[in-house]
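Participant: got a predicted model here, sequence first, then my questions.
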Protein chains: 2
Amino acid sequence: MKSLEQFFNPSSVVVIGASNSPFNLGSTICKLLKEYLNFSGQIYAVNRKGENVFGCDGFHAVEEIPGQAELAVIITPAGVVPGFVRDCGRKGIKNIIIESAGFSEAGDTGTKMQEEMDGYRREYGLRIMGPNCLGVLNAHAKFCCFYGFGPATMGMMSLLLDKPGTISYIIQSGGIGVVILESFLKEVVNINKMVSIGNKTDIDEADLIEYFKDDGTEVIGLYLENINDGRKFINSVKKLGKPVLVYKVGKTAEGARAAMSHTAGMASNDVIFDSACRQSGIIRLKSISELHSMPKIFTSMPILKGGNIAIFTNSGAFGGITSDLLVEAGLSIPRLSTDTQVKLSSVGQIFNVSNPIDLGPAISPQIYIDIFDILLSAPEIDGLLPVPSIWQPFVIDALDELVKMCEKYGKPAAIYTPNSVEKIITTRKERQIPLFESPEEAVRALQISYEYGRHIDKINKNV
Amino acid sequence: MKSLEQFFNPSSVVVIGASNSPFNLGSTICKLLKEYLNFSGQIYAVNRKGENVFGCDGFHAVEEIPGQAELAVIITPAGVVPGFVRDCGRKGIKNIIIESAGFSEAGDTGTKMQEEMDGYRREYGLRIMGPNCLGVLNAHAKFCCFYGFGPATMGMMSLLLDKPGTISYIIQSGGIGVVILESFLKEVVNINKMVSIGNKTDIDEADLIEYFKDDGTEVIGLYLENINDGRKFINSVKKLGKPVLVYKVGKTAEGARAAMSHTAGMASNDVIFDSACRQSGIIRLKSISELHSMPKIFTSMPILKGGNIAIFTNSGAFGGITSDLLVEAGLSIPRLSTDTQVKLSSVGQIFNVSNPIDLGPAISPQIYIDIFDILLSAPEIDGLLPVPSIWQPFVIDALDELVKMCEKYGKPAAIYTPNSVEKIITTRKERQIPLFESPEEAVRALQISYEYGRHIDKINKNV
């Protein structure tokens, strides 16, 4: 299998269907690449008039392009797409993203056109992404061929691509892509790549997971409406050796039916999918927001290697709330050893040295740091659930330290701050502190990390 | 039972323990009332020096106060609290809020002091709120005796009290109170009253529910760590005839244990509590955030009278996602009647007239309004789940109209907008549009409204 690298980092791209007509969608791709992302590769436009579009050289036809293009992005009415695919084949352009809709998701005529394109694919040895998709985003290469964004979203995109990371997404819906991209404004979610795969006539989720094995990706998030080939998908995950988080629609017959009219896949048996996930260590997400809220427990924190959690809070209520949540999530709140209790008592100012540990409003960051150190170094504790109130900015300084201490001790902390949430969210972005937005989110992160850790354990034992 | 009105709207208050010493907590109550809320009643301070505090006349002792005070707020070290309670009794001050901690939640000595105060209560015919609490907030009277706030929170409080509403809260934790108050900055949650009840030596949740029957409250939210008297609680709810939403800690043994060290109640049997909730129509919340996200489905929308929901979206993915969620919540996504389908087709521009209804990016608000009208007037539909993308500001205008149309047709809509979430949250606050922040929240709101509607039905049939 030829690498998918040229889809993500092409030295030259042709946007077929980009023109200067009002409401033209292809032109938004040219504008994004030229004016917002300063993409360094060559960009061409193909349209009826052969006109230049936002500084991209324009041509009447694919064959007129000088030299070669590594990638073609087609965004035209569906009826003319197959012809352009053939043109690309003849010209020697091997990688094609078809963003146009109106194929297998739209009935018989569309399905026939999709089959025609598939013929050209085989004939010319092409790789096709889509149709009915947004294509790819590569934050490191500053390349993105998502269409239809206005200036506000383009501005946001350019900010986003200034902070590339290690999380990659495979999403079978442009709408979900936008939700994830917008989360970047306030969430510690730094993206490596994002792909919107649409009807996946050729390239599917398994191909991409395989590609993400060696491209710097640390965690993969997926939004799926159907699975092309269950066995291939599971095998790609097994070979990957990294956390894979999946939100899949179609848990109910009604959901599966609705998804089918969107991206045209066959509904898969959800019970089988669920059990396959469990066997292969895939983490099945419970809400769309977990696609952006959960990856940070893997990118910013060590894996949770046991189920014993210490709760630390300034507010007694959150001791009880998080105790309920942890136990319901299958984790434990162990008694602290005498040794740990003695150490905590010597710090002073603690209402309650049992677990949950209840601290009043502390007057210096050192108290927090001392407590974190005692808990992280305690052998009876595998991870922390700190629920500090932000009384003073120094609490945030202490959390900064906590992130480093977690690294040092190889134990994770899932932090939630009950007050000053709006303010803290700005801070977490700037300082890259992996804060969660609710006690439920924080506990869920520990649960996910623990599940993944146990899966890794199981594999290591079998080897 | 004497009314609790003087706790919420006193013509005169004495803050016992307010002084000008550094870090004095009572002084923050004087400052809040005088400088931020412009409370119109008389405020006195009692402290060792007899000094004035933030413009409140100061005295050495309770007996020195000229005339009478309707309410005493005690915030001193625990050891001297019983003496002040006795002084209030002798002076004829009948209503006392004890904010100090260190009583039954803190061990034997504290329990004895709490018993001593209880003796004075019986001797002098007092009503006591607390100890170990924040006391009350009454947005309509601009009265609040919560302590410990800094200038930023006080400023927020004064904004909050400028928009009083019809939601009342009973919370057994100051920390949760702060979470709810902060939600006001972005949430459509307009407060009537809030009470932090602490150890509830005298006044408990049932007394307050009874008081909230005739004070303009439409919905009550509770955070409870224990129930004083289960039968009394359930009876107060039965007589109320309004939605009661409860988050109760102690679903697990660990949670109950943690709560006990916080507010000193006996852990109640959670299974019994749960079944009592179901029988009396109490809505048991699943997360703390539901305390502020859910009331608006009652205050801004009619009750959901049947389980048949129409989904409307611009993004196919959310058709599938919300279908799954609705079915899992026990609601239905019925086929649309031929009549409704014909009407929808005549609007034009709709991808899919089946339910979920998928609309592309519409170019005028009228299209949205026409669709909302067709769906709300359809006899096969009981409520809407609109998931519009905000492409243009006019979509928000259409949502404004939708709120009015729901009122007209007596059917609710739970709105979620997948994109522009940060922007829309500012708008929803200004324009009081009851938007939810996730598809899960929106579906949960419909589920809660439906549950409550069925409970009302059952009662009406039995009468």
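Facilitator: Good, I have the coordinates.
Participant: for chain A, what's the longest helix?
Facilitator: helix A:439-462 (DSSP state H).
Participant: what parts of the stretch 251-400 of chain A come near chain B?
Facilitator: A:251-259, A:261-263, A:287-289, A:311, A:314-321, A:323-324, A:326-328, A:333, A:352, A:354, A:356, A:358, A:389 (Cβ under 8 Å from any Cβ of the partner chain). From N, CA and C alone the C-beta is placed, and that goes for glycine too.
Participant: just the buried subset of those, please.
Facilitator: A:251-252, A:254-259, A:261-263, A:287-289, A:311, A:314-321, A:323-324, A:326-327, A:333, A:352, A:354, A:356, A:358, A:389 (16 or more other Cβ atoms under 10 Å in any protein chain shown).
Participant: so which of those residues belong to strands?
Facilitator: A:311, A:352, A:358 (DSSP state E).
Participant: flag the least confident of the residues you listed.
Facilitator: Scanning those for pLDDT, the low point is A:N352. It has 80.
Participant: okay, and the beta partners of the residue nearest to it when sequence neighbours are not counted?
Facilitator: Leaving aside its chain neighbours, A:N352 sits nearest to A:D358 (4.1 Å; criterion: Cβ to Cβ, 6 or more residues apart in numbering or on different chains). Legend: beta-bridge partners of A:D358 under DSSP bridges are A:T313, A:N352.
Participant: distance from the longest helix of chain A to the middle of the chain?
Facilitator: Computed by Cα atoms, centre = their mean, to the nearest Å, the chain-centroid distance of helix A:439-462 equals 18 Å.
Participant: hmm, A:D207 is touching A:S3, no?
Facilitator: No - at 10.3 Å, A:D207 and A:S3 do not qualify as touching, with contact defined as Cβ atoms under 8 Å.
Participant: between the two ends of stretch A:274-285, how far is it?
Facilitator: 11 Å (Cα to Cα, to the nearest Å).
Participant: which of the residues in that stretch are buried?
Facilitator: Across stretch A:274-285, burial judged by 16+ other Cβ under 10 Å covers A:276-277, A:280-285.
Participant: of the residues you listed, which one scores lowest on pLDDT?
Facilitator: Ranked by pLDDT, the buried residues of stretch A:274-285 bottom out at A:A276, which has 87.
Participant: break chain A into its domains for me.
Facilitator: Using automatic domain parsing, the domain ranges for chain A come out as A:1-133, A:165-299, A:302-461.
Participant: could you give me the average pLDDT of the shortest one?
Facilitator: Just to be clear, that refers to domain A:1-133. 95.
Participant: on the three-state scheme, the nearest residue to A:D382 once chain neighbours are set aside is what?
Facilitator: Among residues not flanking A:D382 along the chain, A:G306 sits closest, at 3.5 Å (Cβ to Cβ, 6+ apart). Three-state call for A:G306 (DSSP: H, G, I helix; E, B strand; the rest coil): coil.
Participant: A:G306: how many residues sit nearby?
Facilitator: Using other Cβ atoms under 10 Å in any protein chain shown, the number of residues around A:G306 comes to 16.
Participant: what's the answer for A:D202, then?
Facilitator: Neighbours of A:D202 under the rule other Cβ under 10 Å: 19.
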